[in-house]
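> mind folding the following:
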Amino acid sequence: MARRWTINGRFLSQPTTGVQRYAREVVRSLDALLAEHGPLARGLDVCLHCPPGSQEIPLAFIERVEIGRTSGHVWEQTQLPSSLGGGGLLSLCNTGPLLSRKHIVCIHDANVWNAPQSYSLAFRSLYRTLLPSLGRTAWGISTVSDYSLGELVRRGVVPAHRAFVAPNGHEHVLRWMPEHSPATRLAASPETIVMIGSAAPHKNVELILNMAERLAAAGLSIAIVGMSDARVFRSGSAKAKAQNIHWLGRISDGELAALLGDSLCLAFPSLTEGFGLPALEAMAVGCPVVVSDRASLPEVCADAALFAPPDDPEAWFDRFMQLRDCEDKRTQMIRRGRARASAFGWQATALRYLEAMAAADGVDTQTKVVRIRELT
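The predicted model follows:
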C-alpha cells in the first residue's frame, strides 16, 4: 500500500522571500528524489495542494492541485486539512493546520520573540499563539539551523526530541544567469557594498546607512536591493538619501547575481537570523561577505566570512577596508565562500524530509536526520 503525503502549497500564493524560496527548492528537490526511486521514495505518493490562482512550479512527479475557494490562514486551517484524505502533511513556511497530526512543520526562526519590534502586534500575537500550538500538535518540527533550533526550544515553542535541522541550500544560485539592468550596472563596482534591504529593525540596515558619509569619503558606495524608498527608515533619513546610495528596489535573480559578482562585498548586519540565506547566496555567487557575529551567521558562514558586531560601525568600516585594500584577502574570502556554500545542498535537505516522513510512517525508523554540524 502506497504511503501518501501532501505538501502545503500556500507558499505558492505568497510573495517570494527567503521562506518561500526555501519551500520552492525543497519541493523541487523532493520531486527530483522521487524521480530517482531511491529507497525512501519507493511506494511514496506525494502531491502539492495549493490555493486557487497560485503560482506554477516545475515538477515532474509531484502532482500540483488547486483546492478550495479561499486563501491565507482560512484556507490553511480549514480547506487544506479537509483535502488530505489521510496520510501525512508537510508544511515548509512556519504555519500549518492545527488539526493535522501526522504533520511536519518547518518553523524557520524565533524572531517574533527575539525581535518583536520588527512585527506588528497582530502578527506577533498570531505567531506567538500558533507556533507553540504547532509545536505541541505536529508529529515533528524542522528548522534551518542549530541556532534556530536552540532558540525555539529555549522559548518553549518545540520539544527538542521532536525537532531536527534541515538547512537552506545553495544550488538555486547556480541557475541564475548574471545580467545587469541599467540600474545595477550603474551601481556595481569594486567599491560597492551591497545590502539586501528591509525596514525591519532586526535587519539593522541603518548601521550601514548611517556610515554613508564616511564610506563616501573613502570612495565607497552602497547598493540597496529590495527597498526603493529611503523614507521607510524612521531615523537617519537624511543620510539614507546620500549621493553614494543606490536604491534599486526589487530586482531579478539575474540582476542580483550580476550586482554581487561585480561589487566589493555583501554587508549583512542583522541582529538576529534563523539562517541568513542572502549570505549563502552571495558566497555561492563568488561575492565576499561581511556579516554580523550574532545568531546563526557564525554557524552558517564559519571561516568564509568577515565578522563584525552589529553595533560597532568602526569594525564594519575596518572589514570593508580590508576587502578593498587587500586583493589577496578578497580572493581568499571568495574561495572560502564558494567552498562553504557548497556544503549546503537542497537535495540533502530534501532527503532529511524523506527520512522524517518515513519515520512518521513507521518505515525505516533507524534512519536518523543528520544535523548540519555532522556534515561539515
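> is Pro178 in contact with Gly254, as I believe?
Yes - contact criterion C-beta atoms under 8 Å: Pro178 and Gly254 qualify, at 6.0 Å. The way it works is simple: take the backbone N, C-alpha and C, and place the C-beta from them, glycine included.
> just the CA atoms of the host helix or strand of Leu134, as PDB, please.
Assigned by DSSP states H and E, Leu134 belongs to helix 121-137. The C-alpha trace of helix 121-137 is given here as PDB (Å, rounded to 0.1, in the frame of the first residue of the first chain):
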ATOM      1  CA  LEU A 121       1.100  43.500  17.200                       C
ATOM      2  CA  ALA A 122      -1.400  41.400  15.300                       C
ATOM      3  CA  PHE A 123       1.300  39.300  13.500                       C
ATOM      4  CA  ARG A 124       3.300  38.800  16.800                       C
ATOM      5  CA  SER A 125       0.200  37.700  18.700                       C
ATOM      6  CA  LEU A 126      -0.800  35.200  15.900                       C
ATOM      7  CA  TYR A 127       2.600  33.600  15.700                       C
ATOM      8  CA  ARG A 128       3.200  33.500  19.400                       C
ATOM      9  CA  THR A 129       0.000  31.500  19.700                       C
ATOM     10  CA  LEU A 130       0.100  29.500  16.500                       C
ATOM     11  CA  LEU A 131       3.800  28.300  16.600                       C
ATOM     12  CA  PRO A 132       3.800  26.800  20.100                       C
ATOM     13  CA  SER A 133       0.500  25.100  19.300                       C
ATOM     14  CA  LEU A 134       2.000  23.500  16.200                       C
ATOM     15  CA  GLY A 135       5.000  22.500  18.300                       C
ATOM     16  CA  ARG A 136       2.600  20.600  20.500                       C
ATOM     17  CA  THR A 137       0.300  19.100  17.900                       C
END
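> the next helix or strand after that helix pairs with which strands, parallel or anti?
Moving toward the C-terminus from helix 121-137, the next helix or strand (DSSP H and E) is strand 140-143. Strand 140-143 sits in its sheet next to strand 103-106 (parallel), strand 163-165 (parallel), going by DSSP bridges.
> what is the subsequent helix or strand relative to the shortest one?
Meaning strand 163-165. Defined by DSSP H and E, the subsequent element after strand 163-165 is helix 182-187.
> any stretches of the stretch 201-350 of the chain with poor pLDDT?
Where the stretch 201-350 of the chain drops to pLDDT under 70, the residues are 227-241.
> now do the contacts for the residue nearest to Trp316 when sequence neighbours are not counted.
What sits nearest to Trp316 in space, not counting adjacent residues and going by C-beta to C-beta, 6 or more residues apart in numbering, is Ala308, at 4.8 Å. With contact taken as C-beta atoms under 8 Å, 6 or more residues apart in numbering, Ala308 is in contact with Pro269, Val290, Val291, Ser292, Asp293, Ala315, Trp316, Asp318, Arg319.
> format the CA atom coordinates belonging to the one helix or strand the last one maps to as PDB.
Remark: Arg319 resides in helix 313-325, with elements defined by DSSP H and E. Coordinates of the C-alpha atoms in helix 313-325 are reproduced here as PDB (Å, rounded to 0.1, in the frame of the first residue of the first chain):
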ATOM      1  CA  PRO A 313      30.400  50.700  12.900                       C
ATOM      2  CA  GLU A 314      34.200  51.000  13.300                       C
ATOM      3  CA  ALA A 315      34.500  47.200  13.000                       C
ATOM      4  CA  TRP A 316      32.400  47.300   9.800                       C
ATOM      5  CA  PHE A 317      34.500  50.000   8.300                       C
ATOM      6  CA  ASP A 318      37.600  48.100   9.000                       C
ATOM      7  CA  ARG A 319      36.300  44.900   7.300                       C
ATOM      8  CA  PHE A 320      35.300  46.900   4.200                       C
ATOM      9  CA  MET A 321      38.800  48.500   4.100                       C
ATOM     10  CA  GLN A 322      40.400  45.000   4.400                       C
ATOM     11  CA  LEU A 323      38.500  43.800   1.300                       C
ATOM     12  CA  ARG A 324      39.100  47.000  -0.700                       C
ATOM     13  CA  ASP A 325      42.800  47.300   0.100                       C
END
